[in-house]
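K.L.:
Pasting a predicted model and its sequence here:
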Amino acid sequence: MCGIVGYTGVQGASPILLEGLKKLEYRGYDSAGIAVINDGVINIAKVTGRIANLCEKTNDGADYPGVTGIGHTRWATHGAPTDTNAHPHLSNDGRFAIVHNGIIENYLSLHDELTSKGYHFESETDTEVIVHLLEMYYKGDIKKAIIKTIARLQGSYALGVLCVDEPGKLYVAREASPLILGVGVGENFFASDVTALVSYTRNAIYLDDGEIAEITPDAINVFDCAMQTISKKITRIVWDIQSAEKGGYDHFMLKEIMEQPRAFKATIAPRIKDNEIVLDETDLSERYLKSINKIVITACGSAYYAGCAAKYTIEKLCRVPVICELASELRYSDPLIDNHTLLIVLSQSGETADTIAAMKECKSRGAKTIAIVNVVGSTIAKLADHALYTWAGPEIAVATTKGYTTQLAVLYLFALYMSKKLGRIEEERYLQLLSSLKSLPKKIQDTIDTNSKIHKIAIKYYDNRSMFFIGRNSDYAVALEGALKMKEISYIHAESYAAGELKHGTIALIEEHRPVVALCYNESVMEKTLSNIVEVKARGAEVLALTYKGNSQIVSQANDVIFVPKSETLFSAVLEIVPLQLLAYYVAKLNGCDIDKPKNLAKSVTVE
Ligand code: M6R
């Protein structure tokens with residue numbers, strides 16, 4: 001999705017903007033641009049394609065001098081990815097340049113109004129209406145022009161504004177799109193994502209919806225639409241530069257897979273004290289937990305699949321119904337939610353537009369909301385009644401790995417915590433499960449250590465255009481995420497299916513040498529899954545089975561077997577998914593795919 005950066009200080013702005021944009025590349029984009037003020041003129045460079053093209057065009061920024069500027073990576077929504085549609089956009093009089101993340105929903109009517117008043121549009125974007133509104137409302141006071149402009153906008157925006165009349169200043173405004181100000185010494189910054197800031201400063205101000213900021217090299221003044229000054233807290237960014245870099249790995253995805261033992265441990269360890277689970281960030285009293293009659297989990301993509309996997313654990317331990325709903329569906333479903341519903345929202349980025357909308361919908365119906373989020377200070381974290389952070393560190397690869405496993409970590413903690421509060425677990429079993437939970441980082445590491453075997457298996461399977469992932473019960477939930485990993489980075493059609501459903505249709509697609517990845521961890525359905533393996537093998541499938549160490553009955557049935565450590569089935573999803581992440585990674589690599597930035601995808605999906 002789009003990314004924005006801004007700089008004002010004493011150094012050349014262009015190289016800093018280009019560096020910032022490189023840090024945002026992981027979010028996914030198709031064109032980019034910068035605008036810098038120099039000698040009373042705004043100079044703009046825009047390109048289609050990679051930031052490398054922009055560096056070439058600007059001579060690494062040297063051909064665009066000036067100490068104040070803005071930059072943008074665009075992920076096309078309105079209008080094709082072209083140089084003209086790329087941001088920044090310039091007003092007809094050349095006075096203003098802007099960059100924008102988000103979507104202006106009423107842009108068509110604004111476009112018609114502005115055209116009838118004589119404003120000329122260069123691009124097909126929704127964004128361009130903003131810069132013409134600024135020109136229209138500007139009567140010598142930029143703040144007033146910005147306030148009047150944003151009052152006309154419906155939708156979402158993180159907006160960066162340059163004006164030739166105030167050459168050392170940046171203005172920004174935020175509504176439903178992330179915007180962070182970086183506080184430096186004699187220089188200040190803004191960005192849509194802290195990763196673009198950490199090389200320059202660790203001091204950040206998180207803007208809230210409805211806030212506007214005036215930024216000079218020495219001061220940041222935040223105010224609202226009534227021009228009332230707002231006092232903001234400076235927050236220390238704890239993510240370091242190294243964690244936002246590849247650290248010797250070929251891809252961020254591989255690095256992030258390898259980080260999972262540490263990330264899982266960092267997420268659970270501070271919340272287990274003297275064999276008690278402490279969820280200080282929430283106020284989930286026994287009384288409240290007894291008052292709820294269902295839990296609704298909502299999210300998108302992998303985060304939704306993490307919810308699907310945790311449903312089995314929560315229901316088994318707590319005996320409370322858990323309904324998993326895709327956020328993009330839930331929000332339009334007139335959901336049956338009230339103040340007896342606990343809503344759990346999962347999101348790595350904390351900025352996914354559909355998840356935010358579903359959350360708002362459920363909140364308005366009275367649900368208490370807990371957000372399990374990785375990005376501190378993100379919109380979802382702020383909107384929730386309580387945020388439980390996954391301490392995974394920055395996740396850069398578009399395909400989530402440690403984001404998914406750390407979401408499961410928090411959900412497992414939550415399930416155990418709630419079952420104890422509800423009195424639905426014996427102390428002995430509770431301690432047994434807690435100990436099993438604590439042993440998972442080591443077991444994830446043992447699974448990662450089978451890396452070279454998975455690479456060999458990938459060599460056998462990578463040259464296929466279609467694959468199936470099957471499993472039952474909790475194994476099925478993992479199959480969903482395993483197939484998503486495969487398709488999003490390798491572009492191989494990968495279909496996940498509940499193994500028992502195969503014979504109701506999908507088995508028609510099984511043919512000679514069709515790879516079927518069969519998840520066989522859950523003993524309660526083992527025999528049934530084995531029968532399904534036999535069925536697909538009888539139709540010529542090549543079966544790659546995944547099971548726990550010591551389960552030898554699979555060996556005679558499958559063509560290949562991946563063994564992962566034995567653990568409680570309630571927690572097995574985090575072990576089962578790791579080899580599937582690695583399999584997808586190696587298959588994509590062997591197919592020469594752009595692993596960290598798969599085509600058409602973005603890291604943070606801030607459009608609905
Ligand atoms: O940031 P979020 O967790 O809210 O993102 C949700 C999905 O967009 C995300 O999980 C997506 O499916 C990933 N590409 C999966 O790897």
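P.N.:
Sure thing, it's come through.
K.L.:
Could you pull up the residues touching the residue in the stretch 151-300 of the chain positioned nearest to the ligand?
P.N.:
Closest to the ligand within the stretch 151-300 of the chain is residue 300: 4.2 Å, counting by Cβ to the nearest ligand atom. Placement of C-beta: from N, CA and C, glycine included. By Cβ atoms under 8 Å, 6 or more residues apart in numbering, the contact list for residue 300 reads 326-328, 347, 352, 354-355, 605.
K.L.:
One more: residue 275?
P.N.:
431, 434.
K.L.:
what's the answer for residue 227, then?
P.N.:
Counting by Cβ under 8 Å, 6+ apart, residue 227 has contacts 143, 147.
K.L.:
hmm, try it at 7 Å
P.N.:
residue 143 (Cβ atoms under 7 Å, 6 or more residues apart in numbering).
K.L.:
Next: residue 367.
P.N.:
337, 339, 341-343.
K.L.:
Using TSV, please lay out these together with secondary structure, distance to residue 213 and pLDDT.
P.N.:
Formatted as TSV, the contacts of residue 367 follow (DSSP: H, G, I helix; E, B strand; the rest coil; distance: Cβ to Cβ, whole Å; pLDDT from 0 to 100):
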residue	secondary structure	distance to residue 213	pLDDT
337	coil	36	92
339	coil	37	92
341	strand	37	96
342	strand	36	97
343	strand	32	97
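K.L.:
In the chain, which residue is most central in space?
P.N.:
In the chain, the residue lying closest to the centroid (Cα atoms, centre = their mean) is residue 349, at 3.6 Å.
K.L.:
List the contacts of that one.
P.N.:
Contact partners of residue 349, counting by Cβ under 7 Å, 6+ apart, are 375, 378, 603-604.
K.L.:
what's the span of stretch 362-376 from first residue to last?
P.N.:
Distance across stretch 362-376, first residue to last, is 22 Å (Cα to Cα, to the nearest Å).
K.L.:
again with stretch 459-470
P.N.:
21 Å.
K.L.:
tell me which residues in it are buried?
P.N.:
Within stretch 459-470, the residues that qualify as buried by neighbour count (16 or more other Cβ atoms under 10 Å) are 461-462, 464, 467-470.
K.L.:
now it, how far from the centre of its chain.
P.N.:
26 Å (Cα atoms, centre = their mean, to the nearest Å).
K.L.:
Which of the three states applies to the residue nearest to the centre of the chain?
P.N.:
coil (DSSP: H, G, I helix; E, B strand; the rest coil).
K.L.:
pLDDT value on it, please?
P.N.:
Listed pLDDT for residue 349 reads 91.
K.L.:
how much space between the nearest residue to residue 383 once chain neighbours are set aside and residue 366?
P.N.:
Take residue 383 and drop its neighbours on the chain: the residue closest to it by Cβ to Cβ, 6 or more residues apart in numbering is residue 359, 5.9 Å away. Going from residue 359 to residue 366 by Cβ to Cβ, to the nearest Å gives 13 Å.
K.L.:
okay, these two: which has more neighbours?
P.N.:
Neighbours were counted for residue 359 and for residue 366 using other Cβ atoms under 10 Å; residue 359 has more, 26 against 12.
K.L.:
For that one, list the residues it contacts.
P.N.:
343, 345, 369, 380, 383.
K.L.:
Counting neighbours, which of these comes out on top?
P.N.:
Counting by other Cβ under 10 Å, top hit in the contacts of residue 359: residue 345 with 30 neighbours.
K.L.:
Do stretch 588-597 and the ligand come into contact?
P.N.:
No: Stretch 588-597 does not reach the ligand (Cβ under 6 Å from any ligand atom); its nearest approach is 11.1 Å.
K.L.:
Identify the residues contacting that stretch?
P.N.:
25-26, 28, 251-253, 396-398, 458-459, 462, 489-491, 585.
K.L.:
Nice, that's everything, thank you.
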